[in-house]
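# mind folding the following:
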Amino acid sequence: MARVYNFSAGPSMLPEKVLKQAQAELLEYGGSGQSVMEMSHRSKWFDAIITDTEATLRRVMNIPDHYKVGFFQGGATQQFAMVPLNFMTTGKADYIVTGNFSNLAAKEAAKFGEAKIVASSKDKNFTYIPDVNAIDYDKDASYIHICQNNTIFGTQYVKVPQVEGVPLVADMSSMILSKPVDVTKYGCIYFGVQKNVAPAGMAIAIVRDDLLGHAADNVPTMMNYTTLLAKDSMYNTPPCWCIYMTGLVLKYLENDIGGLANMQKINEAKAKVLYDYLDGQDFFNNPVEHRYRSTMNVTFTSPAPDLDKKFCAEAADAGFVNLKGHRLVGGMRASIYNAMPAEGIDKLVDFMEKFRKENA
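Numbering: from 1, shown residues only. As a prediction, the model looks like this:
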């Protein structure tokens, strides 16, 4: 078997141990005589899976009891609408735009009320994060929304907004489970699972109790957090396979990695290898201001677009796939999520140096 080093921004790599366990249980889970993909979501087997998955997530992330956890179809993009439909009680919300997805979230929210862009890093092509302490927030805002790690542009927040009386809502799709997070700083955390958690097809939301129950009566049932969370994500058939896979990944993080503090150390060490290489030569360039560099998504360019194209082609032939940058920025992007082994970074750097010597 020849597995490549997959630097995709999502769907991304999963831990090999998790894949092997899923493979071993594919035809029959436990003593059920059936696959998780076949069993009823009302069965005792799946009830145990979803209950254990939530419990493990709560342990791994240290989620307090006054927060609900929900497993939703539709991915993070559907959450862009669910957030204002449920939380924009004053008709206003503040959005900080630091990339493509926070911009899309603001545009979606503007369909339901006033989504005020209180700060943006567009002026420097999203290569930094605005100073969250220097922003003039609206005291009447229902919430403040951020995208905590920007997958396309390779930036991450160093500090997050904390305004008394105004909940913080964060899209953590591309950094969730990469390091510990103080959940109590947020009113709502949501994330698509396809980057660091599970196969594509699901979003998870963590919502503080006091934010629930305020949606208008005309909010569609399947877009109402309160309805879905009151039924423990079982109002309708949930994304069963994704929930099962999430549980496996969480157990891997808990038992094999030793928790998110250890995962953070591993991730920061991996990122340092790649950033140190980028900083130590002048062929490849990373445009992000140093203090805002993402640990998960490392963007870089060569001296010319033609060389970028050549680099991606030769990298793929060498077993380093999905390094092409997003169409909005071009260049290259190495997404080095939890499941990317350290040796993948070391070998990528060796390849980059070889390419530099041959093309400088």
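# so where is this structure shaky, pLDDT-wise?
1 (pLDDT under 70).
# quick check: domain ranges of it?
19-256, 259-359 (automatic domain parsing).
# show me how far the longest one is from its chain's centre.
In terms of Cα atoms, centre = their mean, to the nearest Å, the centre of domain 19-256 is set 9 Å apart from its chain centre.
# re the thing from before, could I get the domains of the chain as TSV with mean neighbour count and distance to residue 4?
Heads up, the C-betas are built off the backbone N, CA and C, glycines and all. TSV is the format used below for the domains of the chain (neighbours: other Cβ atoms under 10 Å; distance: least, Cβ to Cβ, whole Å):
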stretch	mean neighbour count	distance to residue 4
domain 19-256	19	14
domain 259-359	17	5
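# any chance of those in JSON lines, with distance to residue 11 too?
Output for the domains of the chain, formatted as JSON lines (distance: least, Cβ to Cβ, whole Å):
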{"stretch": "domain 19-256", "distance to residue 11": "5"}
{"stretch": "domain 259-359", "distance to residue 11": "10"}
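# residue 6 is nearest to which of those domains?
domain 259-359 (5.5 Å; Cβ to Cβ).
# export stretch 28-41 as CSV, just CAs?
What follows is stretch 28-41 as a C-alpha-only set of coordinates in CSV (Å, rounded to 0.1, in the frame of the first residue of the first chain):
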residue,chain,number,x,y,z
GLU,A,28,-20.0,-5.6,11.5
TYR,A,29,-19.9,-3.2,14.5
GLY,A,30,-19.5,-4.9,17.8
GLY,A,31,-21.9,-7.9,17.9
SER,A,32,-24.6,-6.1,16.0
GLY,A,33,-24.3,-8.1,12.8
GLN,A,34,-24.4,-5.0,10.7
SER,A,35,-22.3,-1.9,9.7
VAL,A,36,-22.7,1.4,11.4
MET,A,37,-23.8,2.6,7.9
GLU,A,38,-26.7,0.2,7.9
MET,A,39,-28.0,0.3,11.5
SER,A,40,-31.0,2.2,12.7
HIS,A,41,-30.2,5.5,14.4
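# look up the closest residue to residue 192, ignoring the ones flanking it.
Nearest residue to residue 192, sequence neighbours excluded (Cβ to Cβ, 6 or more residues apart in numbering): residue 76, at 3.8 Å.
# which SSE is the one you found in?
Following DSSP states H and E, one finds residue 76 within helix 75-87.
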